[in-house]
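K.L.:
Sequence plus the predicted model coming up.
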Amino acid sequence: MSMQPERPLDQIRLVGIAATGYHGVFAHERRDGQTFVADVVVHLDTRRAAASDDLAHTINYGELAERVAAVLSGEPADLIETVAERIAATVLAYGQAVAVDVEVHKPQAPITVPFADVVVAIHRDRHRLPAAEPWRPPVGSAAVPAPVPVRAVTAVFPQVPIPVGDATGPVRTFSSDVAVSVPFAPVEPVVGELVSDALDAAPAEPVDVVLAIGANLGAAQQTLRDAVSDLARVRGLTVVDVSPLARSAPVGGPEQPDYFNAVVLARTTLSARDLLRVTQAIEQRHGRERLEHWGPRTLDIDLVVYGSTLAVTDDLELPHPRAHQRAFVLEPWAQVAPDAVLPGLGGGPVALLAATAPDRAGIRWLALDWLTAPVLPEPAPLPEPAPAPAPDAADSPAPGPVTVRGPVTAPGPVMAPGPTTAPGPTTAPEPDPVSRPTHAAAPDAPATTDGPVPLAWAPVRNTSDGPPGSWPT
């Protein structure tokens, strides 16, 4: 069967949309403003609109131009990269748009050498979504017309007496056969949070999520075990698998102990913001206090990935904005899901990101079955052997050199090198696999004096004690 080559989509181009904005990192840019210019190319299929001659099947470019200008003159941002993402999100909010190219020009940028223009150009589509929210009209302002025209319908209402003024005033009746807009005033004040964006909406189907857990105060390993159990008991959240436990050096912040970190793979029917609230409640239950930025903590639970959602809001950013740089998240995640991919800006194959993470050298070790078998305590450093006293040549003959390799479990004669016909003394029996040490040295990790003795690298967990993802109840 021959495959027809994919044809390029049609385009709507808006070139030179200009507005005064207040974007920039300098105070005078935020105070005085300057001119910003945007060029937008919308990729879509215009055949249906052309065949029907109906605006409902295409994009109203006049309206789109107003929205792009509103982004340029709207909420200030430090970077024009952020402005470009907002414009792309605004375009892709139209269902007819398949992809968009955005160029944001800053011709008056504060540069000390002669230049013609500064341009940030991006391409976004339904697979590589923008890292921003679409523009929305400010609260209390006049609503911008919807992308698709809405046909007006004349509603017929019976004549209803409506009291006007005080209770003793006249009662008027209004004609019924008119098109009216009837706002409904609430009977009593409603206390609650206004649903303002997609992060408050529950998904139609369960969504795959990735949670990163960490702790470095108190009984950190037991706290993480309890946190996994707490997550498993949340209604609407199903724990699918749990990664090995990583011990890692702290990144940023004050001087503090090493962290224990793990990754939890789960599926949920909760909204992203509801899941955030659940994780924050579990943190508080374990004594989490936010006293210092990047400071030590009894428990930290981060929502790293929520399906394929890309969003930046005041309280939640998805995916986690620093996940692609954190080996203590990427390395455990790659162990439990070798083919995982981190979406969004800076994302990619998790295993590859783990191999190139800036803090990779801080991974001390990985513990495999940390949920079902205790992690061995840190061994004390071995003392330096004391030098043997030199023998008196008059009391004993000088023996030849003898080399002993490996631990000696019992005193006995030193065997001369060479083949023997009888087996030598047997060593201690191999311990049961369940009680075998569960530490594994991270690949290419530097040798440390405070970590356990490295064992053979094991890229998967021993699941002999239960199915993958099992945890103690």
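P.N.:
Received it, and whenever you're ready, just let me know what you need. Residues are numbered from 1 along each chain as shown.
K.L.:
what ranges do the helices span in this protein?
P.N.:
With DSSP state H as the definition, the chain shows helices at residue ranges 27-32, 47-52, 61-72, 80-92, 220-232, 272-285, 327-336, 350-356.
K.L.:
Considering those helices, which stretch scores lowest in mean pLDDT?
P.N.:
With a mean of 86, helix 47-52 has the lowest mean pLDDT of these.
K.L.:
can I get the CA coordinates of it in CSV?
P.N.:
The C-alpha coordinates for helix 47-52 follow below in CSV (Å, rounded to 0.1, in the frame of the first residue of the first chain):
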residue,chain,number,x,y,z
ARG,A,47,-11.1,23.9,2.9
ARG,A,48,-14.3,23.5,5.0
ALA,A,49,-14.5,27.2,5.6
ALA,A,50,-14.0,28.0,1.9
ALA,A,51,-16.5,25.4,0.8
SER,A,52,-19.2,26.6,3.1
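K.L.:
Now that helix: buried residues?
P.N.:
Within helix 47-52, the residues that count as buried by 16 or more other CB atoms under 10 Å are Ala49. The way it works is simple: take the backbone N, C-alpha and C, and place the C-beta from them, glycine included.
K.L.:
Name the residues that touch it?
P.N.:
Contact with helix 47-52 is made by 10, 55-58, as judged by CB atoms under 8 Å, 6 or more residues apart in numbering.
K.L.:
Using PyMOL, define a selection of the buried residues within those.
P.N.:
Selection of buried members from the contacts of helix 47-52 for PyMOL, criterion 16+ other CB under 10 Å:
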select buried, resi 57+58
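K.L.:
which of the contacts of helix 47-52 lies closest to Val350?
P.N.:
Val350 has its nearest neighbour among the contacts of helix 47-52 in Asp10, at 36.8 Å by CB to CB.
K.L.:
So what pairs up with that closest one in the strands?
P.N.:
Leu44 (DSSP bridges).
K.L.:
In contact with it, which residues?
P.N.:
Neighbouring residues of Asp10 by CB under 8 Å, 6+ apart: 43-47.
K.L.:
what's the spacing between it and Glu63?
P.N.:
Distance of Asp10 to Glu63, given as CB to CB, to the nearest Å: 18 Å.
K.L.:
Thr298 versus Ala65, what's the distance?
P.N.:
52 Å.
K.L.:
So between the two, which is more surrounded?
P.N.:
Remark: of Ala65 and Thr298, Thr298 carries more neighbours, 18 against 15, as counted by other CB atoms under 10 Å.
K.L.:
residues in contact with that one?
P.N.:
Contacts of Thr298 were listed using CB under 8 Å, 6+ apart, and they are 215, 217-218, 223, 286-289.
K.L.:
Which of those residues are buried? Put it as a ChimeraX command.
P.N.:
Applying 16+ other CB under 10 Å to these, the buried members can be selected in ChimeraX as follows:
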select :215,217,223,286,288
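K.L.:
Between the contacts of Thr298, which sits nearest Ile17?
P.N.:
Looking across the contacts of Thr298 and measuring by CB to CB, the closest to Ile17 is Arg288, at 46.0 Å.
K.L.:
need the contact list for the closest one.
P.N.:
Arg288 neighbours (CB under 8 Å, 6+ apart): 297-300.
K.L.:
quick check, nearest of those to Pro130?
P.N.:
Using CB to CB, Asp300 is the member of those that lies nearest Pro130, at 28.1 Å.
K.L.:
Give me the below-cutoff pLDDT ranges for this structure.
P.N.:
For the chain, residues meeting the criterion pLDDT under 70 lie at 1-7, 139-196, 253, 290-295, 373-473.
K.L.:
any idea how it splits into domains?
P.N.:
10-125, 200-367 (automatic domain parsing).
K.L.:
most tightly surrounded among the ones you listed?
P.N.:
Of all the domains of the chain, domain 200-367 has the most neighbours on average by mean count of other CB atoms under 10 Å, namely a mean of 19.
K.L.:
so how far does that one reach from one end to the other?
P.N.:
36 Å (CA to CA, to the nearest Å).
K.L.:
Could you do stretch 338-348 as well?
P.N.:
12 Å.
K.L.:
Kindly report the same for stretch 335-348.
P.N.:
Note: stretch 335-348 ends 16 Å apart using CA to CA.
K.L.:
Excluding its own residues, what touches it? List them.
P.N.:
For stretch 335-348, contacts defined as CB under 8 Å, 6+ apart pick out 129, 131, 210, 241-244, 263, 265, 304-305, 308, 310, 318-319, 323-325, 330, 333-334, 349-351, 353, 366, 459-461.
K.L.:
One more: stretch 274-286?
P.N.:
Contact partners of stretch 274-286, identified using CB under 8 Å, 6+ apart, comprise 200, 202, 209, 211, 215, 223, 226-227, 230-231, 234, 236-237, 268, 270, 298-303, 306, 315-316.
K.L.:
do that again at 6 Å, thanks
P.N.:
Defining contact as CB atoms under 6 Å, 6 or more residues apart in numbering, one finds that stretch 274-286 is touched by 223, 230, 234, 268, 298-299, 301, 303, 316.
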